[in-house]
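>>> this is the structure alone, sequence omitted:
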């Protein structure tokens, strides 16, 4: 009987990135993603209009820190490493 699940094939892009290794600004990081209404992205952009120094990553760090605080979860959010031109 065949098991249901995800395919085990790897795309060429994923394989190439694995061979190259992750860029230094992604070292020891994981991707956390979700699908949201377009209005959520627009809201992030509105914040960035008045806080141009903040990236979406910076804003997400703040949001996660607030969420962890709300639910009394001990967690230290590491500062966002900025992307280097050489990477």
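Looks like it arrived, so ask away. What you are looking at is a predicted structure, and each value in this text was computed from that prediction instead of being measured. Residues are numbered from 1 along each chain as shown.
>>> can you pull the buried residues of stretch 33-50?
residue 44 (16 or more other C-beta atoms under 10 Å). For glycine as for every other residue, the C-beta is placed from the backbone atoms N, C-alpha and C.
>>> what's next to that stretch, contact-wise?
Counting by C-beta atoms under 8 Å, 6 or more residues apart in numbering, stretch 33-50 makes contact with 54-56, 59, all of which sit outside it.
>>> repeat the analysis, applying 10 Å as the threshold.
Contact with stretch 33-50 is made by 54-56, 58-60, 62-63, as judged by C-beta atoms under 10 Å, 6 or more residues apart in numbering.
>>> using ChimeraX, define a selection of the buried residues within those residues.
Typed into ChimeraX, the line below selects the buried ones among the contacts of stretch 33-50, using 16+ other C-beta under 10 Å:
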select :58
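>>> would you turn the contacts of stretch 33-50 into JSON lines with secondary structure and pLDDT?
Output for those, formatted as JSON lines (DSSP: H, G, I helix; E, B strand; the rest coil; pLDDT from 0 to 100):
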{"residue": "54", "secondary structure": "coil", "pLDDT": "92"}
{"residue": "55", "secondary structure": "coil", "pLDDT": "90"}
{"residue": "56", "secondary structure": "helix", "pLDDT": "87"}
{"residue": "58", "secondary structure": "helix", "pLDDT": "91"}
{"residue": "59", "secondary structure": "helix", "pLDDT": "92"}
{"residue": "60", "secondary structure": "helix", "pLDDT": "91"}
{"residue": "62", "secondary structure": "helix", "pLDDT": "92"}
{"residue": "63", "secondary structure": "helix", "pLDDT": "92"}
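>>> how about the contacts of stretch 33-50, which pair is most distant?
Comparing every pair within these by C-beta to C-beta identifies 55 and 63 as the most remote, at 12.7 Å.
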